[in-house]
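A.B. asks: Structure of the sequence below:
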Amino acid sequence: MIVDPGMQGLGIIDCDEVADILEVLKENRDEAECAEPEDLLCETDPDEWMDAYDDLCGIYEEAVRQGKGLLFTF
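C.D. replies: Have a look, this model is predicted:
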């Protein structure tokens, strides 16, 4: 069986890795805020970029609270 809803790929993050990745995301938030993403499919303003970054952090925070890993499809 193949699990690939986005038909591009998927990534599995083990529950033991979630907290470490969340810490790295939090440590790099200021740098992300100053980043200018290149090669995007559509234009985005900095507020949208940081909203998405914060949403991603929220996904990791919820996984930590639940003691779960994550499955990302793209």
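A.B. asks: rest of the way, CA atoms for contacts and neighbours
C.D. replies: Noted.
A.B. asks: Tell me, how many residues neighbour F72?
C.D. replies: 12 (other CA atoms under 10 Å).
A.B. asks: likewise V18?
C.D. replies: 20.
A.B. asks: Does it belong to a helix, a strand or coil?
C.D. replies: helix (DSSP: H, G, I helix; E, B strand; the rest coil).
A.B. asks: Now do the contacts for it.
C.D. replies: For V18, the contacting residues are Y60, A63, V64, G69, L70, by CA atoms under 8 Å, 6 or more residues apart in numbering.
A.B. asks: Can I get whatever helix or strand the first one lives in in CSV, CA atoms only?
C.D. replies: The secondary structure element spanning Y60 is helix 46-66 (assigned by DSSP states H and E). In CSV, the C-alpha atoms belonging to helix 46-66 read as follows (Å, rounded to 0.1, in the frame of the first residue of the first chain):
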residue,chain,number,x,y,z
PRO,A,46,6.1,38.5,5.4
ASP,A,47,3.0,38.3,7.6
GLU,A,48,1.7,35.3,5.6
TRP,A,49,5.1,33.6,5.7
MET,A,50,5.4,34.0,9.5
ASP,A,51,1.8,32.9,10.0
ALA,A,52,2.6,29.7,8.2
TYR,A,53,5.8,29.3,10.3
ASP,A,54,3.9,29.8,13.5
ASP,A,55,1.2,27.3,12.3
LEU,A,56,4.0,24.8,11.6
CYS,A,57,5.3,25.3,15.2
GLY,A,58,1.8,24.8,16.5
ILE,A,59,1.6,21.4,14.7
TYR,A,60,4.8,20.3,16.4
GLU,A,61,3.6,21.7,19.8
GLU,A,62,0.4,19.6,19.5
ALA,A,63,2.4,16.5,18.6
VAL,A,64,4.7,17.0,21.6
ARG,A,65,1.6,17.5,23.9
GLN,A,66,0.1,14.2,22.6
